[in-house]
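J.: just coords:
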């Protein structure tokens, strides 16, 4: 299963997503702020970085770039609510209203993509 770093600024959102991904067998670490996210990215190797929909664009891009610098094979999944601008750093996009099962399937797809690309 995947090692996931989940970054979001809304506690309820984070807990719901963490619980669902853990139930699916993934190892999930969480960060509640930009600073925590950057520290976590630097301290661990993650297969997938999941960025919550409430993260401002500049911070989202900074986190995605930091993850790619720390480990170029890390896949970035961005959750969005209505639309998402400048998502060129994302390997996948998932609507924020998606079910936990949808999120799990997206993570599995990204992990498979990561393994195929080496």
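T.: Yes, it's here. Not measured: the values here are computed from a predicted model.
J.: find the residue at the geometric middle of this protein.
T.: Centroid-nearest residue in the chain, with Cα atoms, centre = their mean: residue 50, separated by 0.9 Å.
J.: contact partners for that residue?
T.: 4-7, 17, 77, 79, 103, 107 (Cβ atoms under 8 Å, 6 or more residues apart in numbering). Bear in mind the C-beta positions are built from the backbone N, C-alpha and C, glycine included.
J.: who's in contact with residue 63?
T.: Neighbouring residues of residue 63 by Cβ under 8 Å, 6+ apart: 7, 34, 37-38, 41, 49, 51, 55.
J.: I misspoke; the intended subject was residue 17.
T.: 6, 8, 50, 52, 100, 103.
J.: can you list which of the residues you listed are found in helices?
T.: 100, 103 (DSSP state H).
J.: and which of the contacts of residue 17 is nearest residue 72?
T.: Using Cβ to Cβ, residue 50 is the member of the contacts of residue 17 that lies nearest residue 72, at 17.6 Å.
J.: surely residue 71 and residue 49 touch.
T.: No - Residue 71 lies out of contact with residue 49 (Cβ atoms under 8 Å); the separation is 9.3 Å.
J.: out of those two, which sits in the busier spot?
T.: residue 49 (29 against 15; other Cβ atoms under 10 Å).
J.: need the helices for the chain, in chain order.
T.: Along the chain, counting by DSSP H, helices occupy 11-23, 34-43, 57-70, 100-117.
J.: Serialize these to TSV and add fields for mean pLDDT.
T.: What follows is these, written out as TSV (pLDDT from 0 to 100):
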stretch	mean pLDDT
helix 11-23	90
helix 34-43	96
helix 57-70	93
helix 100-117	82
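J.: nearest to residue 89, out of those helices?
T.: helix 57-70 (3.8 Å).
J.: chain center to the closest one: distance?
T.: 11 Å (Cα atoms, centre = their mean, to the nearest Å).
J.: next, the angle helix 34-43 makes with it.
T.: Following axes from the mean of the first three to the mean of the last three Cα atoms, to 10 degrees, one obtains 10 degrees for the angle between helix 57-70 and helix 34-43.
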